[in-house]
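**Student:** I'll drop the sequence and a predicted model, then ask my questions.
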Amino acid sequence: SVVAQLMFEGRAEEAMTLYVALFGGSVTAVQKYGPGGPGPEGTVMRAEFTVGGHRLACIDSPAPHAFTFTPSASLFVECADETELDRAFATLSE
């Protein structure tokens, strides 16, 4: 499946909670960075939520950026297995 993903720098959980409260929906999964992870402990490694019937995901980027939120969105593709991932990677790399 394909999910639009929003990237933040430390405020993903706050934004996700705001969007769900404002537009209706629910938080369906939250994974956070632990100690020694690439991101600050307790920030969002990846979370999924619904807003207005749409499935979305968000992350807190572990890399510092010159922005706190990017107006662009990524598509996060969940592959069934490594073969599907390799096929998608090869096709998109061309």
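**Tutor:** It's in.
**Student:** for this protein, which spans come out with low pLDDT?
**Tutor:** Along the chain, the parts satisfying pLDDT under 70 run over 68-71.
**Student:** Now do the strands in it.
**Tutor:** With DSSP state E as the criterion, the chain has strands at 2-8, 25-32, 44-51, 54-60, 74-77.
**Student:** would you turn those strands into a markdown table with distance to residue 66 and mean neighbour count?
**Tutor:** Using the backbone N, CA and C atoms, a C-beta is placed for each residue, glycine as well. Listed next are these as a markdown table, based on distance: least, CB to CB, whole Å; neighbours: other CB atoms under 10 Å:
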| stretch | distance to residue 66 | mean neighbour count |
| --- | --- | --- |
| strand 2-8 | 13 | 16 |
| strand 25-32 | 24 | 13 |
| strand 44-51 | 20 | 19 |
| strand 54-60 | 16 | 19 |
| strand 74-77 | 18 | 13 |
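**Student:** Turn these into JSON lines, columns for distance to residue 16.
**Tutor:** Shown next, in JSON lines, are the strands of the chain (distance: least, CB to CB, whole Å):
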{"stretch": "strand 2-8", "distance to residue 16": "8"}
{"stretch": "strand 25-32", "distance to residue 16": "6"}
{"stretch": "strand 44-51", "distance to residue 16": "5"}
{"stretch": "strand 54-60", "distance to residue 16": "5"}
{"stretch": "strand 74-77", "distance to residue 16": "14"}
